[in-house]
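Novice: generate coordinates for the sequence data below:
(4 chains)
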Number of protein chains: 2
Amino acid sequence: MTNQQPSLDLMFQALADPSRRGIVERLCAGPASVSELAQPLAMSLPSVMQHLQLLEGSGLIRSEKVGRVRTCRLEPEALSAAETWINDRRVLMERKLDRLEEYLRATAGDEED
Amino acid sequence: MTNQQPSLDLMFQALADPSRRGIVERLCAGPASVSELAQPLAMSLPSVMQHLQLLEGSGLIRSEKVGRVRTCRLEPEALSAAETWINDRRVLMERKLDRLEEYLRATAGDEED
DNA sequence: CAGATACTTAGGCATATGACTAACCAACAG
DNA sequence: CTGTTGGTTAGTCATATGCCTAAGTATCTG
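Specialist: Purely as a prediction, here's the structure:
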């Protein structure tokens, strides 16, 4: 199996910061250079770099340098890992809730152990 | 674009830690007390408490103290916020990829590398 | 009431995170 | 070659995180 999971830790960590989510949102509209990504962030370029490195480390984005311009783009599959984890939990929860509901119905006027 | 979801920060932050995800996973099987949650964690109780507080602060779990036992349970709706954000991004990404594909198809014989 | 149980609070400590400035390197542009 | 642009590296700093122990509080249990 391709262990394409650098880790959920890094993924969620990456998404936990609004600036980084901002970068991800921006990249949804297509690839962008470092300075393009930096512009709306009210933050020094090195700080943006740090965020980008973290995002890249988490596997969420990928970047490539051509000439003196580094272009960043999203790694579409990456988000799936996080989504899958969350979705699995939700499914389990809902199943649990269903069972609870069922149980409550079953023991509605009748209490047994 | 009103993107003001302060809870997403806390939510993803909460999910970024394996112990906390472990707690969430465990709670999928139903409510549990603090010490039940602590047992598999190889960690002192106060540390577990901290994680629980963070989880509760993020809205992912809810807890209630009866007698001397605090019972924690998942807040099923909470995860949806995170899931929605991720899902939205994925949709945007896929749409973008579709457009890219389309574009590539449209310019297929026009300009080759 | 005495002791055990189940947290809870307080305080401390090491490392991680997120931000900055200053200085540096590598392409262009002229 | 010189200057500008785009990015990178290095070093600093403040705060946050994650863990701990020790000592507290509040319930039960006998």
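Novice: what mean pLDDT does the lengthiest helix in chain A have?
Specialist: Longest helix of chain A, by residue count under DSSP state H: helix A:76-106. Taken as a whole, helix A:76-106 carries a mean pLDDT of 80.
Novice: what do you get for stretch A:50-65?
Specialist: Mean pLDDT, computed over stretch A:50-65, is 96.
Novice: distance between the helix or strand containing A:Ser47 and the chain's centre?
Specialist: Per DSSP states H and E, A:Ser47 falls inside helix A:45-57. Centroid displacement of helix A:45-57 relative to its chain, using CA atoms, centre = their mean, to the nearest Å, is 15 Å.
Novice: and whichever helix or strand comes after that helix, which residues are buried?
Specialist: Downstream of helix A:45-57, the first helix or strand assigned by DSSP H and E is strand A:61-66. Under the neighbour-count criterion of 16 or more other CB atoms under 10 Å in any protein chain shown, strand A:61-66 has A:61, A:63 buried. Placement of C-beta: from N, CA and C, glycine included.
Novice: is any part of the strand or helix carrying A:Asp9 close to DNA strand D?
Specialist: According to DSSP H and E, A:Asp9 maps onto helix A:8-15. No. Against DNA strand D, helix A:8-15 shows no contacts by CB under 7 Å from any atom of the strand, the least distance being 8.2 Å.
Novice: thinking again about what came up before, quick one, the helix holding A:Ser47 and helix A:8-15 angle?
Specialist: 150 degrees (axes from the mean of the first three to the mean of the last three CA atoms, to 10 degrees).
Novice: what packs against helix A:45-57?
Specialist: If contacts are counted by 3 or more CB pairs under 8 Å, 6 or more residues apart in numbering or on different chains; DSSP states H and E, helix A:45-57 sits against helix A:8-15, helix A:18-28, helix A:34-38, strand A:61-66, strand A:69-74.
Novice: excluding covalently adjacent residues, which one is nearest to A:Met43?
Specialist: Excluding the flanking residues, the one nearest A:Met43 by CB to CB, 6 or more residues apart in numbering or on different chains is A:Ser19, at 6.8 Å.
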